[in-house]
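Visitor: can you look at this prediction? I've put the sequence above it.
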Amino acid sequence: EHDDEHGEESGSIKLTAEQRDSAGIVVETLTMQPITTEFEAPGEIRLNSYATHQLTPRIEAQVISRHAQLGEIVSKGQPLVTLSSVTMAEAQGALLIADNEWKRVTKLGRKVVSERRYQDARIAAQQAGVRLLAYGMTQSQIESLLSSNKMDQADGRFALLAPISGTVIRN
């Protein structure tokens, strides 16, 4: 039946609160809310080869201790592993010997020491330092070794440092 006198739409149904409750109908005031849309799609996650770095020692060495674990976030310059190498020990010892000779020659001065001995000592010290850099020690590690000036520090141990900040993805 049409009930136009009350201004209601034709075909509308009016329910009591009890009828709405039994039907499970909830009436709420509309408010603005974000709609979270979620969908699933097949995909593949790949590493950006340009943003990754594979770190390996440049000389034969054994791992003494690990300082970073798989999945750990590391900062640039953070120690990842401590390595030990016979080759590194020989190079560290050669640097200490060459550095001592260079200090002795410079202390004596160019008036006492021949030009050849002066140049040989300087080049030997430089080459010994460069060799350690090539083997994987950093300049600060070399300076620390030289400042200690102790032969027992030439034990072949050195830390491999993170070249970039990131996440360890492989051991």
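Guide: Sure thing, it's come through.

Visitor: okay, CA-based contacts and neighbour counts for the rest of this
Guide: Fine.

Visitor: now do Gly77, the pLDDT please.
Guide: On pLDDT, Gly77 comes in at 93.

Visitor: pull the longest helix from the chain.
Guide: Secondary structure of the chain read by DSSP state H shows that its longest helix is helix 86-108.

Visitor: so how far is it off the chain centroid?
Guide: Mean C-alpha position of helix 86-108 versus that of the full chain (Cα atoms, centre = their mean, to the nearest Å) differs by 32 Å.

Visitor: CA atoms of the helix or strand just after it as CSV?
Guide: Next along the chain after helix 86-108, taking DSSP states H and E as the criterion, comes helix 115-135. C-alpha atoms of helix 115-135 as CSV (Å, rounded to 0.1, in the frame of the first residue of the first chain):
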residue,chain,number,x,y,z
GLU,A,115,121.1,8.9,-1.4
ARG,A,116,120.6,5.4,-2.5
ARG,A,117,120.1,4.0,1.0
TYR,A,118,117.7,6.9,1.7
GLN,A,119,115.6,6.2,-1.4
ASP,A,120,115.7,2.4,-0.8
ALA,A,121,114.4,2.8,2.8
ARG,A,122,111.7,5.2,1.7
ILE,A,123,110.5,2.9,-1.2
ALA,A,124,110.6,-0.2,0.9
ALA,A,125,108.4,1.4,3.6
GLN,A,126,105.9,2.7,1.0
GLN,A,127,105.8,-0.7,-0.8
ALA,A,128,105.2,-2.6,2.4
GLY,A,129,102.3,-0.3,3.3
VAL,A,130,100.8,-0.6,-0.2
ARG,A,131,101.1,-4.4,-0.1
LEU,A,132,99.0,-4.4,3.1
LEU,A,133,96.4,-2.2,1.5
ALA,A,134,96.3,-4.6,-1.5
TYR,A,135,95.9,-7.5,0.9
